[in-house]
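K.L.:
Sharing a model that was predicted from the sequence below.
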Amino acid sequence: MKLNFLLLTFLLLVACSTSPTGRKQLNLVGESQMQQMGKDSFEKLKQQEKVSTNQAANTYVSCVSHRVLKAMGEKPSDWEVVVFEDKSPNAFALPGKKIGVHTGMIDLAQNPDQLAAVIGHEIGHVLASHGNERVSQNIVAQGTMAAASLAIGQDTTKDQLLIAALGVGAQVGVLLPFSRKHETEADLLGLKYMSKAGFNPQEAANLWVQMKQKAGGSPPEFLSTHPSPDSRIKTLRKEADKYRSQYKKNDQNTQCSKPS
Ligand SMILES: [Zn+2]
């Protein structure tokens with residue numbers, strides 16, 4: 001017991017970091033391990049799900065993603081962007097520089113600006129290490145022995161929970177919603193990046209309105225893992241004003257057009 005306590009104290013001391021918005025966070029898992037988990041999960045998804053070969057859809061999603069990534073100071077060619085043939089409106093980004101967008105999300109987003117909002121939000125989750133934070137919270141909740149084995153990467157029984165913590169849980173049957181705190185942070189980062197990339201920040205709130213309308217009686221997976229659309233729509237409308245001037249200043253040389 002005493003040893004566990006010491007171990008936990010040690011882990012807490014070494015693992016405290018700060019998110020891009022200045023929030024203190026607990027990240028117990030090494031960055032390279034998170035990246036490996038993201039890459040492995042993405043490979044599995046590509047094997048399990050149908051990857052779209054539709055040229056227009058792929059060009060569109062890459063165009064929007066690359067503009068957002070460039071605005072973040074990322075090198076777009078380092079990132080893998082894959083379109084999945086799936087009618088449910090979903091999108092995700094994983095550590096290890098992976099982005100996945102369902103064809104259902106391409107349909108749902110009415111214009112490139114709305115798609116940029118969703119992609120910016122998802123990359124926001126990754127750059128703010130939300131997956132790591134969620135994995136870490138699970139570790140603390142489950143006790144220090146699990147922490148010890150996870151920290152050295154030997155526990156395979158927790159794979160499902162780890163993958164769910166990345167935000168792609170449906171495939172392993174575990175849906176783990178992001179917290180309000182994480183959602184707000186990802187929304188704000190998404191707004192900032194999309195505006196910087198020359199996308200209209202006003203469209204971010206509209207995307208969530210679309211999502212809510214589409215949800216009807218049965219919320220899509222995306223709303224299960226990204227809850228609270230109502231409060232988010234309000235905040236996004238208010239916050240978007242701050243970024244409007246920045247958005248207008250940016251040149252929009254690369255036009256991304258939604259396939260008809
Ligand atoms: Zn989210």
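P.N.:
Sure thing, it's come through.

K.L.:
so who does residue 213 touch?
P.N.:
For residue 213, no residue meets the contact criterion (CB atoms under 8 Å, 6 or more residues apart in numbering). Every residue, glycine included, has its C-beta placed from N, CA and C.

K.L.:
Let me see the backbone angles for the closest residue to the ion within the chain.
P.N.:
Going by CB to the ion, the ion is nearest to residue 226 of the chain, at 3.9 Å. When quoted as degrees, to the nearest 10, the phi and psi of residue 226 stand at phi -120, psi 70.

K.L.:
Contact partners for it?
P.N.:
Neighbour list for residue 226: 121, 177-178, 183 [criterion: CB under 8 Å, 6+ apart].

K.L.:
Just among those residues, which is most surrounded?
P.N.:
residue 121 (28 neighbours; other CB atoms under 10 Å).

K.L.:
Output the below-cut-off pLDDT ranges for the protein.
P.N.:
Where the chain drops to pLDDT under 70, the residues are 1-16, 139-163, 169-175, 215-219, 248-253.

K.L.:
where does it come near the ion, residue by residue?
P.N.:
178, 183, 186, 226 (CB under 5 Å from the ion).

K.L.:
Can you pull out the residues in contact with stretch 184-192?
P.N.:
Counting by CB under 8 Å, 6+ apart, 19-21, 23, 117-125, 127-128, 130, 178, 201, 204, 232, 235-236, 239-240, 243 sit against stretch 184-192.

K.L.:
Do a quick rundown of the strands in the protein.
P.N.:
16-18, 24-26, 80-84, 91-94, 98-102 (DSSP state E).

K.L.:
Please produce a markdown table containing those strands, extended by mean neighbour count.
P.N.:
Listed next are the strands of the chain as a markdown table, based on neighbours: other CB atoms under 10 Å:
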| stretch | mean neighbour count |
| --- | --- |
| strand 16-18 | 13 |
| strand 24-26 | 15 |
| strand 80-84 | 19 |
| strand 91-94 | 28 |
| strand 98-102 | 25 |
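
K.L.:
Can you tell me which of those is nearest to residue 212?
P.N.:
Nearest of these to residue 212, taken as CB to CB: strand 91-94 at 16.0 Å.

K.L.:
hmm, back to that, what two of the contacts of residue 226 are the furthest from one another?
P.N.:
Across the contacts of residue 226, no pair lies farther apart than 121 and 177, at 14.3 Å, counting by CB to CB.

K.L.:
Enumerate every residue touching the residue nearest the centre of the chain.
P.N.:
The centroid of the chain falls nearest to residue 122 when counting by CA atoms, centre = their mean (2.6 Å). For residue 122, the contacting residues are 91-93, 99, 167, 186, 190, by CB under 8 Å, 6+ apart.

K.L.:
Kindly recompute the last result at 10 Å.
P.N.:
Applying CB atoms under 10 Å, 6 or more residues apart in numbering, we find residue 122 in contact with 65, 68, 90-94, 99-101, 167, 186, 190, 222, 226.

K.L.:
Out of the strands of the chain, which is closest to residue 59?
P.N.:
With CB to CB, the closest approach to residue 59 among the strands of the chain belongs to strand 80-84: 9.7 Å.

K.L.:
Which neighbouring elements make contact with the closest one?
P.N.:
If contacts are counted by 3 or more CB pairs under 10 Å, 6 or more residues apart in numbering; DSSP states H and E, strand 80-84 sits against helix 31-48, helix 55-71, strand 91-94, strand 98-102, helix 103-108.

K.L.:
Swap in 6 Å and give it another go.
P.N.:
helix 55-71, strand 98-102 (3 or more CB pairs under 6 Å, 6 or more residues apart in numbering; DSSP states H and E).

K.L.:
In this structure, where's the longest helix?
P.N.:
What stands out as the longest helix in the chain, according to DSSP state H, is helix 229-249.

K.L.:
can you list contacts of that one?
P.N.:
191, 195, 201-202, 204-205, 208, 212 (CB atoms under 6 Å, 6 or more residues apart in numbering).

K.L.:
Figure out which of the strands of the chain is closest to residue 43.
P.N.:
Judged by CB to CB, the one of those that comes nearest to residue 43 is strand 98-102, at 9.2 Å.
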